[in-house]
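[1] Quick one, fold the following:
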Amino acid sequence: MSGDSSQNGSFSPGSRCRGVDNAPTFSDAADGLVFGDELQPAASGEGVLLTADGGRYEGTLFGAEIHGEGELVFTTGMMGYQESLTDPSFAGQVLTFTYPLIGNYGIHQGKSESSAVWPRGVVVRHAMTQPDHRDSIATIGELMRLHGVPGIEGIDTRSITRRVRELGTVLCVFGAKGSEKQLNARLQQLTSPDLLDLVDEVSIDESVILNEGAVDELNRPLPRIGALDCGIKYNILRNLCRHFEVIWCPPDTDFATLKDEYHIDALFCSNGPGDPDHGGKANDAKNTLAAAVKDNMPVMGICLGHQLMGLASGLQTYKMRYGHRGANQPVIDLADGTVSITSQNHGFAVADPESGMLAAHPSGACSQLVKSQHGAEVKVRYINANDRTVEGLDLVGQPSFTVQFHPEACPGPNDAAPLFKRFRDIVDSHMGVDL
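    Model (predicted):
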């Protein structure tokens, strides 16, 4: 689950909203370091990382004393390692940081993107053991031990990054060098995490209102939005609470419940891990999105939410060669030609209706062509300036849009942050509210 309810938790996105009393609180991934929760034994000694395409890298183990396994990916941000470690979109993956010094400003309470650490393993050049920041409460290794996540350092991360960029993401395992034979055997048995219902693993199980009774500066009730949690990041919920009364919902919440029982005015679908074409709870969220569009309800999607809208619109999705993960991705708005620097974290994309599957993975993994579930026309609004892949969709004649990138990025560039205000304006216009 991406958020666990807790009376002592440090995450309460509704607590600063006007008109809200007794907003619920939830656990932050770093809370246990303050509360004195037990840490798993620390890993140490020589380690080895093995990849399914024959790669072998030696290093030193840190974090929790278990072996790591999953899909090997990389992220390019110089900062934001705590946010990346706690981003549910990294579930099932082994995360490589390309920046060589990770952990230099420590771990901070209340700065995580969920209640857990989601990568199955972490690969760095150097994990700092003496962080330098007045607000630091622990090291990156201690956060990983708190959540049972292993790591390996002293690795040539540039070599790994070049390999993944050229050959595509690949399965890997790592652990003690003395257990290399067992690690090799495990690698042969390993299957892609994309086959799992990762959305089910990272999402909440019950709906909760985050800021009940929230009002604006004129004491008018905020419009109510249903936020489908496919692995939602905490900062998305913070941004939504600034503009809406938010009901945080499981991904399999059907549209009838949202409309008739929760009385929502708009719908949002979040980021999340795995293949958007998986038949599990991501598929349930896709069906809810399609129903909302057919009902002419305002809809916004981010990351996986964008991909699910693409599928619901009759477009294909596909696995990318190495994806976009980092805080420096340039995106072009085709409506006015402006470029925004964005934060991104995704390994799948929506196929361009004209250009097809750009920057595709060698495996050729993709969804089947299907008819639109809602009948509305879609057009590509945003594209990536580097590889021209689709970064956003507008639904023609509908109060709905989606983006592949993360306008809530924190830390990260703020160029795309106004998209939350854009959606609020769309909702107000749809409801006949004076702007």
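[2] Leaving out chain neighbours, which residue sits closest to residue 294?
    In space, not counting the residues next to it along the chain, residue 294 is nearest to residue 374; the distance is 4.7 Å by C-beta to C-beta, 6 or more residues apart in numbering. Heads up, the C-betas are built off the backbone N, CA and C, glycines and all.
[3] cool, residue 211 as well?
    Distances taken as C-beta to C-beta, 6+ apart put residue 14 closest to residue 211, at 3.0 Å, once the chain neighbours are dropped.
[4] now residue 45
    Closest residue to residue 45 in three dimensions, ignoring its sequence neighbours and counting by C-beta to C-beta, 6+ apart: residue 61, at 5.8 Å.
[5] so who does the one you found touch?
    The neighbours of residue 61, taking C-beta atoms under 8 Å, 6 or more residues apart in numbering as the test, are 43-47, 150-152, 175-176.
[6] burial count for residue 188?
    Residues contacting residue 188 under the criterion other C-beta atoms under 10 Å number 8.
[7] SS state for it?
    Taken by DSSP: H, G, I helix; E, B strand; the rest coil, the conformation at residue 188 corresponds to helix.
[8] what's the distance between it and residue 229?
    35 Å (C-beta to C-beta, to the nearest Å).
[9] Where does the residue nearest to residue 45 sit, in terms of helix or strand?
    strand 56-63 (DSSP states H and E).
[10] Buried ones in stretch 414-431, by neighbour count?
    415-417, 419-420, 423-424, 426-428, 430 (16 or more other C-beta atoms under 10 Å).
[11] Give me the mean pLDDT for that stretch.
    The average of the pLDDT scores along stretch 414-431 is 95.
[12] Just the residues contacting it, thanks.
    223, 225, 239-240, 242-244, 265-266, 268, 298, 300, 331, 340-342, 399-401, 403, 405-409, 434-435.
[13] Now the residue lying farthest from the centre of the chain: phi and psi?
    Using C-alpha atoms, centre = their mean, the residue of the chain lying farthest from its centre is residue 178. It sits 34.7 Å away. Backbone geometry at residue 178, expressed as degrees, to the nearest 10, gives phi -70, psi -10.
[14] how near is it to residue 239?
    Applying C-beta to C-beta, the value for residue 178 to residue 239 is 47 Å.
[15] what's the closest of the contacts of residue 61 to residue 90?
    Top of the list for closeness to residue 90, among the contacts of residue 61 and by C-beta to C-beta, is residue 151 at 13.4 Å.
[16] Okay, the closest one and residue 119: tell me how far apart.
    9 Å.
[17] ok, back up a step: and which of the buried residues of stretch 414-431 is nearest to residue 167?
    The nearest one, if we look at the buried residues of stretch 414-431 relative to residue 167 and count by C-beta to C-beta, is residue 416, at 30.7 Å.
[18] Could you report the distance from the closest one to residue 382?
    Relative to residue 382, and taking C-beta to C-beta, residue 416 is found at 9 Å.
[19] End to end on stretch 32-51, go ahead and measure it.
    Between the opening and closing residues of stretch 32-51 there is a gap of 33 Å (C-alpha to C-alpha, to the nearest Å).
[20] Same question for stretch 391-408.
    Terminal residues of stretch 391-408 are spaced 15 Å apart (C-alpha to C-alpha).
[21] What are the buried residues along that stretch?
    Buried residues in stretch 391-408, counted by 16+ other C-beta under 10 Å: 391-395, 398-408.
[22] Which ones among the residues you listed lie within helices?
    When these are checked against helices (DSSP state H), there are no matches.
[23] ok, these vs residue 318, which is closest?
    So of those, ranked by how close each gets to residue 318 (C-beta to C-beta), first place is residue 404, at 12.9 Å.
[24] if I pick that closest one, what's in contact with it?
    Per C-beta under 8 Å, 6+ apart, neighbours of residue 404: 302-303, 306-307, 324, 344, 346, 349-350, 382, 389-392.
[25] tell me what the strand ranked longest in the chain is packed against?
    Scanning the chain for the longest strand, with DSSP state E as the assignment, gives strand 317-333. In terms of contacts (3 or more C-beta pairs under 8 Å, 6 or more residues apart in numbering; DSSP states H and E), strand 317-333 is packed against strand 68-75, helix 157-167, helix 304-312, strand 339-350, strand 378-384, strand 390-395.
[26] Repeat the analysis, applying 6 Å as the threshold.
    With contacts taken as 3 or more C-beta pairs under 6 Å, 6 or more residues apart in numbering; DSSP states H and E, strand 317-333 sits against helix 304-312, strand 339-350, strand 378-384.
[27] ok and that strand relative to strand 339-350, angle-wise?
    Angular relation of strand 317-333 and strand 339-350 on a 0 to 180 degree scale: 170 degrees, by axes from the mean of the first three to the mean of the last three C-alpha atoms, to 10 degrees.
[28] what's the burial count for residue 332?
    Each residue near residue 332 was counted by other C-beta under 10 Å, and the total is 18.
[29] Need the residue closest to the centroid of the chain.
    Note on the chain: the residue nearest the mean C-alpha position is residue 89, at 3.5 Å, using C-alpha atoms, centre = their mean.
[30] thought that one was touching residue 345?
    Yes - taking C-beta atoms under 6 Å as the definition, residue 89 is a contact partner of residue 345 at 4.9 Å.
[31] Name the residues of stretch 147-166 that are buried.
    Here stretch 147-166 shows 147, 149-155, 157, 160-161, 163-164 as buried, counting by 16+ other C-beta under 10 Å.
[32] Which of these sits closest to residue 286?
    Nearest to residue 286 out of the buried residues of stretch 147-166 is residue 164 (C-beta to C-beta; 28.5 Å).
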